[in-house]
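> Below are the sequence and a predicted model for it; my questions follow.
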Amino acid sequence: MSSDTFDKSSAPETSNGVESAEVAADPNQGPAGTVRIRNWAMTLEADVVAVHKPATKAELVELLRRTNGPLRMGGARHSWSSGVMTKGGVVDMRGMNRVLSIDAAKEIVTVEAGIRMQDLYERLDAEGFALPSLPSSAQITLGGAMANAVHGSGFKYPATVADAAVELTLIKSDGSGEVTVKEGTRFVDSNEVTDLQLARVHLGALGALYSAALKIIPRYDLKIEEKTITLEEGFGEQLHRVAQQNDHHLFFWFPELNQVRAKLMNRIEPLQDPGQAQQLHGARYVTDAPSIEYDPKQQDEVLDLARNGRTQELHIPVTSKPPETMVTSWHVGPREKATLRRHGDLAYGVPIDRLEATMKALKRMFAETAPPVMPMWIRLVGRADSAMATAFDRPEAKMEFYPMLDVGTEAERRTQLEQASEIFLQNGGKRHWAKQGIGGVSSLSPNRVSAFQRLRSVMDPANRLRNEYSDEIGLTS
């Protein structure tokens, strides 16, 4: 999640790197002896024993050794799943945010897991490099992006951020040891996957990820084109072809329409005049398409979408709406009066050959209930190289539905989410680990899950990372 209640501008004072109930200020004060934490979207909250804030590896190891009871590792809390929520303590990894080294010759960057993606992008950009794959949010931490198999788009580059990892440093959950995972490491005897493939998407279950060495590539800029695509019969293959023809893409789809708004992005050589480019996460971009600017002064501090004077390009023209209206995941309304709206995020990956059938079924379902206020997001990705990613053994169409929490009753929203989930599951869908959804690791290969569980027993021998989420997805019971 791109930010949480304890934003840098309003974080309560801490003592020895621990945020306690005694020093937490309202509205972050939970019941006596607890601290209340929330996710970025303010749809989840939990009253935890403490929020620990280690700043170094030594501090991290020490707190794991001296604390007892359940723990979860957390970052920006940009999830709609309850991955970080616990009745025990939370380790806020964002204090460990350093770039440890950049090996230009080998094209490898080694960073601490708590680094914010935007900060990593900017450091790499200054050195002439970039990451091979970029997620849709730059405010998440690297550790969170890897834990949840956060993905980009397209078939020409790695499917997930985690796929770039060539070496990981993990700390056992009791602080008893440090484990380095890289090619050739053999803690788990598996004929299907390597230890590195298993550990990349760690699901918050493999102790504490301290650092990651990532493959990097020469910096690039993006050329962006936006256009409307009319959906013809066989439109699943139509969208597949468009995705294959472009380096990256994002399809915005209102189910009541027979068209999508496509943002098509292609990598180009770095511009000689950086002033020609705007900022899009880790890459600069140029575009001839109209854009809607949003004044960062209007943003709620909790969202923290603008940092260092930059505003992310989050807004798209939507042809189905009046020109004076802007539609984004975060704000809907007239350009000059954009308002924050709380929303959920239901997300699944479906086999690409089931994309059209899934969209047709969703179209019928929304016609019978209520069409979404926000367009659905659709991105196609190739196979991932991270064993616990749902796209490990197949290319996928990643589909997201954003139910607005001020539309309809809670019962109506729940029914719509259940009906949409049923459609995704009937078409071979697998839930996104960081979003709302139904299902868990049982949707993956049993051999991969068994191998992951063996690695988990090494990294979390006392099962202290167990929480409701790990039970929900079938990792623990």
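Everything's here; your move.
> you'd agree A149 is up against M388?
Yes - between A149 and M388 there is a contact at 6.7 Å, judged by Cβ atoms under 8 Å. (Each C-beta comes from the backbone N, C-alpha and C, glycine too.)
> Common neighbours of the two, please.
Common contact partners of A149 and M388 (Cβ atoms under 8 Å, 6 or more residues apart in numbering): 201, 433.
> Which parts of the chain belong to which domain?
18-91, 99-218 (automatic domain parsing).
> End to end on the last one, go ahead and measure it.
For domain 99-218, the first and last residues are 17 Å from each other (Cα to Cα, to the nearest Å).
> Would you quantify the distance from the spatially most central residue of the chain to S477?
Taking Cα atoms, centre = their mean, the centroid of the chain lies closest to V150, which sits 4.3 Å from it. Counting by Cβ to Cβ, to the nearest Å, the gap from V150 to S477 is 26 Å.
> Kindly report the same for V166.
On the measure of Cβ to Cβ, V166 and S477 end up 33 Å apart.
> of those two, who's got more company?
Comparing V166 with S477 by other Cβ atoms under 10 Å, the one with more neighbours is V166, at 16 against 6.
> Give me the phi and psi angles of that one.
phi -110, psi -10 (degrees, to the nearest 10).
> was I right about it contacting L214?
Yes - proximity of V166 to L214 meets the contact threshold set by Cβ under 8 Å, at 7.0 Å.
> intersection of neighbour lists for those two?
I108.
> Now do the strands in the stretch 251-400 of the chain.
Ranges of strands within the stretch 251-400 of the chain are 259-268, 278-280, 283-287, 306-307, 310-311, 325-327, 331-334, 339-340, 346-351, 376-381, 396-401, based on DSSP state E, counting those that start in this stretch.
> hey, least reliable of those strands by pLDDT?
When the strands of the stretch 251-400 of the chain are compared on mean pLDDT, strand 306-307 scores lowest, with a mean of 24.
> ok, back up a step: dump the residue contacts of the residue nearest to the centre of the chain.
Here V150 is in contact with 135, 140, 144, 160-162, 434 (Cβ under 8 Å, 6+ apart).
> could I get those as a markdown table with neighbour count and secondary structure?
Formatted as a markdown table, these follow (neighbours: other Cβ atoms under 10 Å; DSSP: H, G, I helix; E, B strand; the rest coil):
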| residue | neighbour count | secondary structure |
| --- | --- | --- |
| P135 | 21 | coil |
| I140 | 28 | coil |
| G144 | 31 | helix |
| T160 | 26 | strand |
| V161 | 28 | helix |
| A162 | 30 | helix |
| A434 | 22 | coil |
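> which one of the residues you listed sits closest to F366?
A434 (23.6 Å; Cβ to Cβ).
> ok now do L124, which residues does it touch?
Per Cβ under 8 Å, 6+ apart, neighbours of L124: 102, 109, 130-131, 216, 219, 282.
> Let's see that with 10 Å instead.
The neighbourhood of L124, defined by Cβ atoms under 10 Å, 6 or more residues apart in numbering, consists of 99, 102, 109, 111, 130-131, 214, 216-217, 219, 282.
> Can you name the next helix or strand after the host helix or strand of it?
Applying DSSP states H and E as the criterion places L124 in helix 117-126. Using DSSP H and E, the helix or strand that follows helix 117-126 in sequence is strand 129-130.
> which helices and strands does that next one pack with?
Packing partners of strand 129-130 (3 or more Cβ pairs under 10 Å, 6 or more residues apart in numbering; DSSP states H and E): helix 117-126, strand 217-218.
> If we use 8 Å, what do you get?
Under the contact criterion of 3 or more Cβ pairs under 8 Å, 6 or more residues apart in numbering; DSSP states H and E, strand 129-130 touches strand 217-218.
> Contacts for the strand it packs on, please.
Under Cβ under 8 Å, 6+ apart, the answer for strand 217-218 is 107, 128-132.
> Emit the ChimeraX select command for whichever of those are buried.
To isolate the buried members of the contacts of strand 217-218 in ChimeraX, using 16 or more other Cβ atoms under 10 Å:
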select :129,130,131,132
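> With just CA atoms, put the top helix by length along the chain into PDB.
Ordering each helix of the chain by length in residues (DSSP state H) puts helix 410-426 first. What follows is helix 410-426, C-alpha atoms only, in PDB (Å, rounded to 0.1, in the frame of the first residue of the first chain):
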ATOM      1  CA  GLU A 410     -22.800  -3.700   1.800                       C
ATOM      2  CA  ALA A 411     -24.900  -6.800   1.000                       C
ATOM      3  CA  GLU A 412     -25.200  -5.700  -2.600                       C
ATOM      4  CA  ARG A 413     -21.400  -5.100  -2.900                       C
ATOM      5  CA  ARG A 414     -20.700  -8.500  -1.300                       C
ATOM      6  CA  THR A 415     -23.000 -10.300  -3.700                       C
ATOM      7  CA  GLN A 416     -21.400  -8.600  -6.700                       C
ATOM      8  CA  LEU A 417     -17.900  -9.500  -5.500                       C
ATOM      9  CA  GLU A 418     -19.000 -13.100  -4.900                       C
ATOM     10  CA  GLN A 419     -20.600 -13.300  -8.400                       C
ATOM     11  CA  ALA A 420     -17.600 -11.800 -10.100                       C
ATOM     12  CA  SER A 421     -15.300 -14.200  -8.200                       C
ATOM     13  CA  GLU A 422     -17.400 -17.200  -9.300                       C
ATOM     14  CA  ILE A 423     -17.000 -16.000 -12.900                       C
ATOM     15  CA  PHE A 424     -13.200 -15.700 -12.500                       C
ATOM     16  CA  LEU A 425     -12.900 -19.100 -10.900                       C
ATOM     17  CA  GLN A 426     -15.100 -20.800 -13.400                       C
END
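> Could I get the buried residue list for stretch 209-219?
209-214, 216, 219.
> One more: stretch 221-239?
221-224, 226, 229, 231, 235-236, 238-239.
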